[in-house]
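>>> 3D model of this:
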Amino acid sequence: MLATRNIAAILGFLCLATVAVSLSPDHTAMLRFTGSWSGQTCRDASWTTSTPVCQWNGVTCTGDRVSTFDWENGGCVGTFNASNLPTAIQKVLLFYNQLSGVLDLTMLPVTLQVLGVDGNAFTGTLDLTQLPAGLESLFLAGNQFYGVPNMTKLGAGLKHLYLSGNQLSGTPDFSSLPSGIKTLYLYNNQFSGTPYLFGLPTGLQGLYLEGNDFCGYAPTDASCDILSLPTNCTCSLLNVTCPAC
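Next up, the predicted model:
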């Protein structure tokens, strides 16, 4: 009887080992990335070792590599460990879940083009100085980020940055924005001081600053049409005027 049990245990171990060996690196990465998540509606039945990762609900593959993970409004509670993401992923869309903790943007895969985590519960400061060069859209609105974000070393390819609805503070520095940036959403934070608005990228289509506490006189060569200002500030040719500091 003991020998029979030992044989069964060995066979079970070998089966598990075979499954583990057969998993692709992307499959293993996705299991790790989502492994700690919980929530009544969060985890999908397809997120298992037995279902190929390219057949997971929410996953899109290009060839045999995970290129997109889209799980919006999933009711997921947990954290975001960027180092566990598949190394060829291009889009991660996790809008309006309940993910929390610190968001380390320095560990994002170099292939990432879009990261969307609006409407979660992330906190802590933001390091925006080591974003992937190919990142085009970064959605961080509606969380609980605080501190003074450094926007002088954003990724060269960044076109859209959403930081609205957080607790960010300080005076934003727009002196070295990426040349190709089109929209920058900073409304409903705690920014203050007199922002420098001269020399903004010529392709900028919208700079959204309402709901902050700016003051003073800010020269600008930007069109007033692209500046969305706090209600107590005004824009006219070559200048923005807010209440005295």
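
>>> for Met151, phi and psi?
Backbone torsions for Met151, taken as degrees, to the nearest 10, come to phi -110, psi 20.

>>> Break the chain down into its structural domains.
1-124, 127-245 (automatic domain parsing).

>>> between those, which gets the lowest average pLDDT?
Least confident of the domains of the chain, judged by mean pLDDT, is domain 1-124 with a mean of 88.

>>> can you redo the domains of the chain as JSON lines with mean neighbour count?
Using the backbone N, CA and C atoms, a C-beta is placed for each residue, glycine as well. Shown next, in JSON lines, are those (neighbours: other C-beta atoms under 10 Å):
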{"stretch": "domain 1-124", "mean neighbour count": "16"}
{"stretch": "domain 127-245", "mean neighbour count": "17"}
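
>>> any idea how far Val148 lies from Ser169?
6 Å (C-beta to C-beta, to the nearest Å).

>>> List phi and psi for Val66.
phi -70, psi 120.

>>> Was I right to think it contacts Gln55?
No: the pair Val66 and Gln55 does not pass the contact test of C-beta atoms under 8 Å, sitting 11.4 Å apart.

>>> And for Ala222, nearest residue in space, chain neighbours not counted?
Take Ala222 and drop its neighbours on the chain: the residue closest to it by C-beta to C-beta, 6 or more residues apart in numbering is Leu200, 4.8 Å away.

>>> Now do the contacts for that neighbour.
When contacts are counted by C-beta atoms under 8 Å, 6 or more residues apart in numbering, Leu200 touches Phe174, Leu177, Leu207, Thr220, Asp221, Ala222.

>>> Would you confirm that Ser100 contacts Thr123?
Yes: the criterion here is C-beta under 8 Å, and Ser100 meets it with Thr123 at 6.9 Å.

>>> Phi, psi for the residue nearest to Ala222 please.
According to degrees, to the nearest 10, Leu200 has phi -70, psi 150.

>>> And the pLDDT at the nearest residue to Pro149 once chain neighbours are set aside?
Nearest in space to Pro149, with sequence neighbours left out and distances taken as C-beta to C-beta, 6+ apart, is Leu126 at 4.9 Å. At Leu126, the pLDDT value in this model is 98.

>>> Would you mind measuring from Leu126 to Asp173?
14 Å.

>>> Pick out the residue nearest the middle of the protein.
Leu115 (4.1 Å; C-alpha atoms, centre = their mean).

>>> In contact with that one, which residues?
Lys91, Val92, Leu105, Leu108, Leu135, Ser137, Leu138, Phe139.

>>> again with Phe139
Per C-beta under 8 Å, 6+ apart, neighbours of Phe139: Phe95, Val114, Leu115, Gly116, Val117, Asp118, His160, Tyr162.

>>> The nearest residue to it once chain neighbours are set aside and Val102, how far apart?
The shortest distance from Phe139 to any non-neighbouring residue, by C-beta to C-beta, 6+ apart, is to Gly116 (4.0 Å). Per C-beta to C-beta, Gly116 is found 18 Å from Val102.

>>> would Cys54 count as being in a helix?
Yes: when DSSP: H, G, I helix; E, B strand; the rest coil is applied, Cys54 is found to be in a helix.

>>> what's the distance between it and Asp70?
Relative to Asp70, and taking C-beta to C-beta, Cys54 is found at 14 Å.
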